[in-house]
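>>> what's the 3D shape of this:
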Amino acid sequence: MNNKEFIAALAAKTGYTQEESQKMVKTVVELMGKSFETGDAVPVSGFGTFEVKKRLERVMVNPSTGLRMLVPPKLVLNFKPAATIKGHVRKGGMENG
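So this is what the prediction gives:
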C-alpha cells in the first residue's frame, strides 16, 4: 500500500475527505518527529512504541580489505510492536488472524 492508497483508505474509513485525512497524517508524523528530536518515545496504543535509541560505538571490519574501522555512536529510531500486532504478523496478516 502506498501513501495515496493509505490516505484514500483512511478517508473512506473515517468519513473525512482525502485532503483532511492527508492533513491529519502529516500532523501526526510532524508531531512524532518533534518527539523524536527531544528523545521522547511515542507509544501508539494497540500498535507499538517508537523510540530513539543510542547505538554504541563499535569496530567494523571491511570484508573486502580486512581493514578495521571505528564506527562512532549514533542515534537510531527503533520500533517495538505490540504483542497483538506481533501475533497477527506471525499468523500471516491481519485478514488471516
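
>>> keeping just the C-alphas, turn the helix or strand hosting residue 78 into PDB.
Counting by DSSP states H and E, the element that carries residue 78 is strand 74-81. Output in PDB follows, covering the C-alpha atoms of strand 74-81 (Å, rounded to 0.1, in the frame of the first residue of the first chain):
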ATOM      1  CA  LYS A  74      24.700   7.400  16.700                       C
ATOM      2  CA  LEU A  75      21.000   7.700  17.400                       C
ATOM      3  CA  VAL A  76      18.600   5.400  15.600                       C
ATOM      4  CA  LEU A  77      14.900   5.100  15.500                       C
ATOM      5  CA  ASN A  78      13.500   1.900  16.900                       C
ATOM      6  CA  PHE A  79      10.000   0.300  16.800                       C
ATOM      7  CA  LYS A  80       8.800  -2.300  19.200                       C
ATOM      8  CA  PRO A  81       5.400  -3.700  18.000                       C
END
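
>>> wait, is residue 69 part of a strand?
Yes: according to DSSP: H, G, I helix; E, B strand; the rest coil, residue 69 belongs to a strand.

>>> what count of nearby residues applies to it?
Residue 69: 10 surrounding residues under other Cβ atoms under 10 Å. Glycine gets a C-beta too; all of them are placed from N, C-alpha and C.

>>> middle-most residue in the chain, spatially?
Averaging the C-alpha coordinates of the chain gives a centre point, and the residue nearest to it by Cα atoms, centre = their mean is residue 79 (5.6 Å).

>>> quick one: that one and residue 42, what's the gap?
According to Cβ to Cβ, to the nearest Å, residue 79 and residue 42 sit 10 Å apart.

>>> now swap in residue 12 and tell me
Remark: distance between residue 12 and residue 42 (Cβ to Cβ) = 26 Å.

>>> hang on, the earlier thing: now do the shared contacts for residue 79 and residue 42.
Common contacts of residue 79 and residue 42 (Cβ atoms under 8 Å, 6 or more residues apart in numbering): 49-51.
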